[in-house]
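In: Predicted model follows, preceded by the sequence.
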Amino acid sequence: MTRILYSLCGADRARPFSPHCWKAVMALSHKGLAFEEIPLAFTAIPKTENGASKTVPLLKDGDRLVSDSFAIALYLDQAYPDRPSLFKGEGGRATARFVEGFAQTVIHPAVTGIAVLNIHDMLDPVDQDYFRVSREKWLGRSLEEVTADRDAQIEAFPKKLEPLRHMLKHQPFIGGDMPLFADYIVFGALQWLRITSGSIHLAADDPAALWFARCLDLFEGQARAVA
């Protein structure tokens, strides 16, 4: 049986960039499960698996289809309890929900302000049109207006990760001695920034950058290989 993970790419299929898809990639690798990743353009997603989902990641595991990165992680822990846990119990699931909220309300908006034009430029023309219309409607202004103060947003970005630095004073990963899904949530956001803008905009000796490097090295460096 071949597991398939549908993810998101631009014109270059070798550079899947979605933060949510990276969470799923890391979750599957954490569980030690073989899978084939099929990156899709934005406009190809609704045509995939008979329109099973409007968004990716979408996991096909046998005859089971699961969308949404958090739902995929929950499914993997339930379906493969003999493999390393992504949450280590109810407390880990609750913690991951909190981390997800932090990532989506603090880190993701900051990445958008820095990288939204980079993302647009990575896409094929038909997807550029879709991306511009949909994102400008969502953001309430043009992509150029969103990134008008990009340099200032880059300068302000490291402060967004202060909670992560505080935690790293006590342990090497959000999950403790080893990473859990909560780590992959924040990692996905920074990997998104790295692939789309070319940098995570942190000093090399920043504890958050060192944590990110540890995550890049997981699973034989599969995430580091995409740049």
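Out: In hand now; what should we look at? Computed from a predicted structure; not experimentally measured.
In: gap between Val56 and Thr2?
Out: Going from Val56 to Thr2 by Cβ to Cβ, to the nearest Å gives 17 Å. Heads up, the C-betas are built off the backbone N, CA and C, glycines and all.
In: ok, those two, which is more surrounded?
Out: Remark: of Val56 and Thr2, Val56 carries more neighbours, 26 against 9, as counted by other Cβ atoms under 10 Å.
In: List the residues that contact the more buried one.
Out: Tyr6, Ser7, Leu8, Ser18, His20, Cys21, Leu40, Ile45, Ser67 (Cβ atoms under 8 Å, 6 or more residues apart in numbering).
In: Dig out what the last one forms beta bridges with.
Out: Beta-bridge pairing of Ser67 under DSSP bridges involves Leu58.
In: Could you pull up the contacting residues of it?
Out: Here Ser67 is in contact with Ala52, Ser53, Thr55, Val56, Pro57, Leu58, Leu59 (criterion: Cβ under 8 Å, 6+ apart).
In: could you dump those to CSV with distance to Ile174 and pLDDT?
Out: Converted to CSV, the contacts of Ser67 look like this (distance: Cβ to Cβ, whole Å; pLDDT from 0 to 100):
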residue, distance to Ile174, pLDDT
Ala52, 31, 96
Ser53, 27, 97
Thr55, 25, 97
Val56, 24, 98
Pro57, 20, 98
Leu58, 26, 98
Leu59, 23, 98
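In: In PyMOL, how would I select just the buried ones from the residues you listed?
Out: When burial is assessed using 16 or more other Cβ atoms under 10 Å, the buried subset of the contacts of Ser67 is captured in PyMOL by this command:
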select buried, resi 53+55+56+57+58+59
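In: Point out where this structure drops to low pLDDT.
Out: By pLDDT under 70, the low-scoring segments of the chain are 1.
In: Let me have the longest helix along it in CSV, keeping just the CA atoms, if that works.
Out: In the chain, taking DSSP state H as the definition, the longest helix is helix 181-197. Once non-C-alpha atoms are left out, helix 181-197 reads as follows in CSV (Å, rounded to 0.1, in the frame of the first residue of the first chain):
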residue,chain,number,x,y,z
PHE,A,181,3.8,17.5,16.8
ALA,A,182,3.9,20.8,18.7
ASP,A,183,7.5,21.2,17.4
TYR,A,184,6.4,20.5,13.8
ILE,A,185,3.7,23.2,14.0
VAL,A,186,6.3,25.9,14.7
PHE,A,187,8.9,24.3,12.4
GLY,A,188,6.4,24.3,9.6
ALA,A,189,5.9,28.1,9.9
LEU,A,190,9.7,28.7,9.8
GLN,A,191,10.2,26.3,7.0
TRP,A,192,7.6,28.1,5.0
LEU,A,193,9.5,31.4,5.6
ARG,A,194,12.8,29.8,4.8
ILE,A,195,11.7,28.3,1.5
THR,A,196,9.7,31.3,0.3
SER,A,197,12.0,34.2,1.4
